[in-house]
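Peer 1: Here's my sequence, what's the structure:
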Amino acid sequence: MFVYPVLIVVTLCSAVFGAPYSYKSGPFTVLYDPVNLPTLQVVQAGRLVPVVWRTSNSSKALVSAFAVEEDVEQNGGSFVFSSKTLEQCTDMKITENGTRPAQSYPEIYFIGELCGSTQFQLLFQAVSVPDKVETVTHLTFNLILTNASKYNQLHFTYGCEEDEQFYGFGAQYSKFNVKGQRLPLFLSEQGVGRGLQPLTWLLDLFSPGAGGTWYTTYTRVPHYITSYQRSLLLESLEYAVFDMTASDSVTIELNSNVMTGRIIPGSSPLELITSYTAYIGRMQPLPEWVSKGAVLGLQGGTDAVLQTINQVEQVWGNLSDVTAVWLQDWTGQRNFSGTKDLPRTGLWWNWEVDSTHYPKWTDLIANLLGKGIKTLTYINCMLSDISQRGTPYHHNYFKEGAEKGYLVKNADGSIWTGYSNSTMVDLSNTEAYNWMVDIIVQNMLATGVCGWMCDFGESVPLTASLTSKEDAHKFHSRYPSVWAQLNADAIGNATRILRSRVDTSSSQVSMCDPDDVVYFMRSGNVHSPDATRLFWLGDQMVTWDAYDGLATVIIGMLSEGISGYSLTHSDIGGYTAIHKYIVIKYVRTKELFLRWCELAAFTMMYRSHLGTLPDEDWQFNSDKETMLHFFNMTVVFQSWGFYRSALMEEAHKLGWPVARHMMLVFPNNSKVHTEDLRFQFMLGTQLLVAPVYIEGDSSVEVFLPVNTTWVHTWTGTHYKGADAKVEIAAPMGQPCVLYPAGSLVGEQFVRNLRERKLL
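Peer 2: Here you go, the predicted structure:
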């Protein structure tokens, strides 16, 4: 916190004694001064910064309305928005204000006019949110345009401080502080390249939107906290833009005539997160097996999988550090190509085992389990027509879904097939929802599978005709949490469903304990953490950069942690490789893979991925040195498992992220807000990690706060913090990890590493 307490007191006293109108709702006081600026202030006593929200100190209208002609071009999961303003109204005045009784707490209202004809209402009301620790109170706001048929976009402008920093907004991969930016918030694919040129330009040329931008994200979370301990959540589901380009104000632009949200109070960044997650829900701790070793991403069929397992045993000497295999191609492999598809090795999206590819599937799962290795698979909410696969199948779920009316339809009633000639299940249809639950139970859980990547969820067309008749734009934003809940329901109801259909007592297949099943998602919205076991950060490229490469994993992990995504990880080595475009070639190198292992060792799941071009990308078993490094980092991952367990319990109880930006741990240090600290992070409060994220580097620059002393994990060297960056050696195999002098966690971490002979 770096505001000046004297100025805070002056501001508050001026507000209290100068405002002619003062209204209370719960612990909040709304002050209204129709003459002086700021016009409106929301105050909560007892805070270091008592003003939790206020209007701008400039003459900008609090409320304005626009008539906008919008065009949206969709290509798969990519969307390109363009708009033209037809009419705008920024002449606003408040004509009536007061308070009226309402349930629990009074409602404070401001009624006014726009351009003399259109009316608006701005309503504030305190609401209680029950929590595990204590009940918290938020202040909701509702902005409503009435008799405004010609307007379809609301602008809501309020004040901020010139040096106020803004953090959060879900997974933001390139920027952590977004003050000074115009930030559209819409659920979509993140894109490939995201500004890395000339790749992004070329992809957009062939398929508009495919390249993405710095702000495209799999997670639509219109929530932030600031360096002034303020927080706001926009609950409206329509397309929104947070315009923070002005130094003294924020404007929320929403494609609707109704805007809803809440102002969230707190005395520290972590307290703000606790208050926010009390409302949106918190993540459950992961089962113990996740922390016990590596999850190997393998494919190629039964023989190929067993051959790699044997290779690991020969080179590493045992299999005790392998906790699971992840077999994404269990449904069969297909090759993608075409003008709107990157050439890659992909999967048949028909959610049953390809018995030609994986004969005796349940025997393989049992065989691996006998070695202490669980089996994970893959599923998404899409379906592809399996009739062209060329191998036997039991179900063609695309065809079945079409016949039953379970698939997303275009406005004209035809089936939408806008993603690689595949379609999407309409989860607004209760029967389709239950059908997908049944597929997961019968074809995955009943066979002994213990988890899966739960992919996609970003592609509902904005013009779709849904079974529920819900507005497609709103359901587009809701889809990820519905998709997450479906997977949770499949796990929770698996035993009951199976018992109702077969005699499980005679089955030789041992179903995984429901508490041990883990699914991990990339898509998300505000309420996704409540229904999701684990997140992964999506499809990074096999590059180093902060556009779409290794560096974005660090930034994305820190930003989404602000918004309740407490537990996350990434594909080790990245996912997207490219080699068939003129003068462009991106394939995974050995150095990149090794450094990615070092970062992944300090996340929530240590999982490899073969990538889109597995024969060209460097893999964990491409040579002996790489495999030994991969498993050495597995040992590092295991060695802080005791602390990871404690942090997961904390995340479940308080909503705090495991991986934290420095400002969460040192909120009163002004330098942690103003320095660029996107590439280092704290695990809780006891481990500081600074991964190598630049190709060819063998050292890192680490910011150490003043009045702190840190111990280097590998050498025991002590470093005194002086609010400055220190260069610290980070040779391959020794990622920079520091702990506070005297930390019991750090000392135990070192003992664990020494016990496994890494020290």
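Peer 1: for this protein, which helix is longest?
Peer 2: helix 472-499 (DSSP state H).
Peer 1: May I see the buried residues of that helix?
Peer 2: 472-491, 493-494, 497-498 (16 or more other CB atoms under 10 Å). Glycine gets a C-beta too; all of them are placed from N, C-alpha and C.
Peer 1: before we move on, what about stretch 135-155?
Peer 2: So for stretch 135-155, counting by 16+ other CB under 10 Å, buried means 136-145, 148, 151-155.
Peer 1: now, among those, which is nearest to residue 367?
Peer 2: residue 136 (50.0 Å; CB to CB).
Peer 1: Identify the spatial nearest neighbour of that closest one, chain neighbours not counted.
Peer 2: Distances taken as CB to CB, 6 or more residues apart in numbering place residue 275 nearest to residue 136, at 4.6 Å, with adjacent residues excluded.
Peer 1: And residue 497, by the same measure?
Peer 2: Leaving aside its sequence neighbours, residue 497 sits nearest to residue 441 (CB to CB, 6+ apart; 4.9 Å).
Peer 1: Which elements pack onto whichever strand or helix holds the one you found?
Peer 2: Applying DSSP states H and E as the criterion places residue 441 in helix 430-443. On a contact count with 3 or more CB pairs under 8 Å, 6 or more residues apart in numbering; DSSP states H and E, helix 430-443 meets helix 397-404, helix 472-499.
Peer 1: is it possible to export those to a markdown table including mean pLDDT?
Peer 2: Shown next, in a markdown table, are those (pLDDT from 0 to 100):
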| stretch | mean pLDDT |
| --- | --- |
| helix 397-404 | 97 |
| helix 472-499 | 93 |
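Peer 1: Out of these, the one nearest residue 168 is which?
Peer 2: Counting by CB to CB, and looking across all of the helices and strands packed on helix 430-443, nearest comes helix 472-499 at 16.9 Å.
Peer 1: ok, back up a step: of the buried residues of stretch 135-155, the lowest pLDDT goes to which?
Peer 2: Least confident of the buried residues of stretch 135-155 in the model: residue 148, at 78.
Peer 1: neighbours of the nearest residue in space to residue 743 that is not next to it in sequence, just the number please.
Peer 2: Residue nearest to residue 743 in three dimensions, not counting chain neighbours: residue 686, with 5.0 Å by CB to CB, 6+ apart. Other residues within reach of residue 686, judged by other CB atoms under 10 Å, total 21.
Peer 1: separation between the residue sitting nearest the centre point of the chain and residue 454?
Peer 2: Taking CA atoms, centre = their mean, the centroid of the chain lies closest to residue 171, which sits 4.5 Å from it. In this view, residue 171 and residue 454 are 16 Å apart by CB to CB, to the nearest Å.
Peer 1: dump the residue contacts of the nearest residue to residue 459 once chain neighbours are set aside.
Peer 2: Once flanking residues are discounted, residue 459 sits nearest to residue 77: 4.3 Å by CB to CB, 6+ apart. By CB atoms under 8 Å, 6 or more residues apart in numbering, the contact set of residue 77 is 188, 189, 419, 456, 458, 459.
Peer 1: same thing but 10 Å
Peer 2: Applying CB atoms under 10 Å, 6 or more residues apart in numbering to residue 77 gives the contacts 187-191, 209-210, 216, 218, 382, 418-419, 424, 456-460, 523.
Peer 1: Rounded mean pLDDT for the helix or strand containing residue 646, please.
Peer 2: Using DSSP H and E, residue 646 falls within helix 641-654. The predicted model assigns helix 641-654 a mean pLDDT of 98.
Peer 1: Tell me the buried residues in that helix?
Peer 2: By 16+ other CB under 10 Å, the buried positions in helix 641-654 come out as 641, 643, 644, 647, 648, 650, 651, 652, 654.
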